[in-house]
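Student: generate coordinates for the sequence data below:
(chains A and B)
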Amino acid sequence: MISIFPSLLNGAVITLQLLVVSMFFGLIIGLIFAILRINKNLIINKFAYGYSYFFRGTPLLVQLYLIYYGLANVEFLRNSFFWVIIKEPYWCAIIAFSLNTGAYTSEILRSAFQTIKKGYIEAAQSLGVTKKITFYRIQLPIAIKQSLPAYGNEIILMLKGTSLASVITIMDLMGEARKVNVLTFKPFEAFITAGIIYLFITFIIHNIIKYLEKKYGFQT
Amino acid sequence: MELLSFGDTGWGDELFFATLMTIAVSIAAMAIGFLFALIFTPLKLSKNKSFNIIGNCYTTIIRGVPELLVIYLLFFGGTGAVMYVASIFGYDGYIEINAFITGALAIGIISGAYSTEVFRGAILSIDKGQFEASKVLGIKKNIQFYKIILPQMLRLSIPNISNVWQITLKDTSLISVTGLVEIMRQSYIAAGSTRDPLFFYSVAAVLYLMLTFLSMKLINKLEMKYSKGY
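Tutor: Modelled structure (predicted):
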């Protein structure tokens, strides 16, 4: 059990890397699409809804395969500059995870935007604050604070999602555990140790979010 | 379109049966999940500390660990465990557990953890006065549960159970790694033999979208039906 620990920890580093990078891009994508969702233009609104509907309605595995196997088969992508990115399984995983978590994040932020009390915006308007400043200084901070608990859940869901990277040959924590299982024929040892590491990461994320909630949480 | 035709030349019929398989696994997993939830919800709500700990361990561990890990553990470990038990009884041959059963059980354990949380939340949101009122009326504990708490719990948990159903439906795609031929596995095979992964994975995505869409419609109808009186 001790002998397999270093290789699993190496895998855990890759898992954390995948998580952090895709959460970063996912947050940006989510923010953009949340703003598009509260837009009054019907076409923009429908487009953003379609995006989130597709990525929330299909399994992450399908999205990963579509990007990893599917895009690699498109001729003009192969000849273009993008080939440098999509030939690497690592970047394919990042793209799939970012788009997936972006869809969920956009829904979380949208519902946060919509639950902001109208009074705040009206108060800002009557004080003569411009629309732009109202958005950046009032709506956005409140929405972010309100969506903290749901976003914490999303981070944990994504941590579990990164385990799918092992299916497309990335040696993350799950991939290392699979390798140990194949090499030693000890499935319980390999997978339970990996499970404990996953639980440990979940526990840490959970506590960080709890701390942030306490510190910055928004009470209406 | 020719690729999707039914019969020997296309993949239409294969994908159709694969879709049925996905639905079957999801329903089986959901049912197993309900069984787990029925065991663990009372444990989580009980006043006994050690029962509480057991219930909390189940939901915390299963919800904190990747779904794939549970599937691998059951798939690789399950065979070994069954063979070990069989060897105690004097049978030393190789036993292979059916991929459907392993898959449904693995996904069931996962969806059970989510269902447990949903049922627990639903019971907690039932007004305390109802428990007290039934106590005052002298209704026995188990009748109180079956006739008063359970119907309300089920109605209250329909919206959240529909979320669990969606999660379960999507999680079944992970069983494909163990070789059960459902939508994901079938499109993997089709993509491999026709060298057209983009097309077949898009078809898989559309099939999953259709399943989620249709089940949403169905569950919304159920919800409308059961909240008529409110």
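Student: which residues sit against the least confident helix or strand in chain A by mean pLDDT?
Tutor: In chain A, the helix or strand scored least confidently by mean pLDDT, DSSP states H and E is helix A:75-79, which has a mean of 77. With contact meaning C-beta atoms under 8 Å, 6 or more residues apart in numbering or on different chains, helix A:75-79 is reached by A:71, A:72, A:83, A:86. The C-beta positions use only the backbone N, C-alpha and C, and glycine is treated the same way.
Student: cutoff 6 Å now
Tutor: Under the criterion C-beta atoms under 6 Å, 6 or more residues apart in numbering or on different chains, residues residue A:71 lie in contact with helix A:75-79.
Student: next SSE downstream of that helix?
Tutor: Using DSSP states H and E, the next helix or strand after helix A:75-79 towards the C-terminus is helix A:83-86.
Student: show the subsequent helix or strand relative to that following helix.
Tutor: Toward the C-terminal end, the helix or strand that comes next after helix A:83-86 (DSSP H and E) is helix A:89-115.
Student: what average pLDDT does that following helix get?
Tutor: For helix A:89-115, the per-residue pLDDT values average out at 93.
Student: which residues are contacting the helix or strand following that helix?
Tutor: Proceeding C-terminally, helix A:89-115 gives way to helix A:118-126 as the next helix or strand, assigned by DSSP H and E. When contacts are taken as C-beta under 6 Å, 6+ apart, the neighbours of helix A:118-126 outside the stretch itself are A:134, A:138.
Student: off-centre distance for helix A:118-126?
Tutor: Between the centre of helix A:118-126 and the centre of its chain there are 32 Å (C-alpha atoms, centre = their mean, to the nearest Å).
Student: likewise stretch A:165-180?
Tutor: Relative to the centre of its chain, stretch A:165-180 is centred 19 Å away, using C-alpha atoms, centre = their mean.
Student: mind listing what's buried along it?
Tutor: A:165-168, A:170-180 (16 or more other C-beta atoms under 10 Å in any protein chain shown).
Student: in those residues, find the pair that's most separated.
Tutor: The most widely separated members of those, counting by C-beta to C-beta, are A:168 and A:180 (18.9 Å).
Student: which other residues reach stretch B:7-23?
Tutor: Contacts to stretch B:7-23, defined as C-beta under 6 Å, 6+ apart, come from residues B:3, B:4, B:5, B:6, B:172, B:181, B:182, B:183, B:186, B:190, B:207.
Student: state which helix of the chain is the longest.
Tutor: No chain was given, so I picked chain A. helix A:5-37 (DSSP state H).
Student: meant chain B actually
Tutor: Of all the segments of type helix in chain B, defined by DSSP H, the longest one is helix B:12-45.
Student: check which element follows it along the chain.
Tutor: helix B:49-64.
Student: is chain A within reach of the helix or strand just after that next one?
Tutor: Stepping forward along the backbone from helix B:49-64, the first helix or strand reached (DSSP H and E) is helix B:67-72. Yes. Helix B:67-72 is in contact with chain A by C-beta under 6 Å from any C-beta of the partner chain, via B:68, B:69, B:72.
Student: how far off centre is helix B:67-72?
Tutor: When distances are taken as C-alpha atoms, centre = their mean, helix B:67-72 is centred 14 Å away from the chain's centroid.
Student: which of the residues in the next helix or strand after it are buried?
Tutor: Counting by DSSP H and E, the element after helix B:67-72 in chain order, helix or strand, is helix B:78-88. In terms of neighbour count (16+ other C-beta under 10 Å), helix B:78-88 has its buried residues at B:78, B:79, B:83.
Student: could I get the residues you listed as JSON lines with distance to residue A:155 and pLDDT?
Tutor: Rendered in JSON lines, the data for those read as follows (distance: C-beta to C-beta, whole Å; pLDDT from 0 to 100):
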{"residue": "B:78", "distance to residue A:155": "30", "pLDDT": "81"}
{"residue": "B:79", "distance to residue A:155": "34", "pLDDT": "79"}
{"residue": "B:83", "distance to residue A:155": "39", "pLDDT": "81"}
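Student: does any part of stretch B:172-181 sit near chain A?
Tutor: Yes. Legend: contact between stretch B:172-181 and chain A by C-beta under 6 Å from any C-beta is shown at residue B:173.
Student: what does that stretch rub up against?
Tutor: With C-beta under 6 Å, 6+ apart as the criterion, stretch B:172-181 contacts A:59, A:61, B:18, B:22, B:25-26, B:67-68, B:71, B:75, B:99-100, B:103, B:107, B:184-185.
Student: can you pull the buried residues of it?
Tutor: Neighbour counts using 16+ other C-beta under 10 Å place B:172, B:173, B:174, B:175, B:176, B:177, B:178, B:180, B:181 of stretch B:172-181 among the buried residues.
Student: how far out from the middle of the chain is that stretch?
Tutor: Distance, centroid of stretch B:172-181 to centroid of chain: 14 Å (C-alpha atoms, centre = their mean).
Student: average pLDDT across that stretch?
Tutor: Throughout stretch B:172-181, pLDDT has a mean value of 88.
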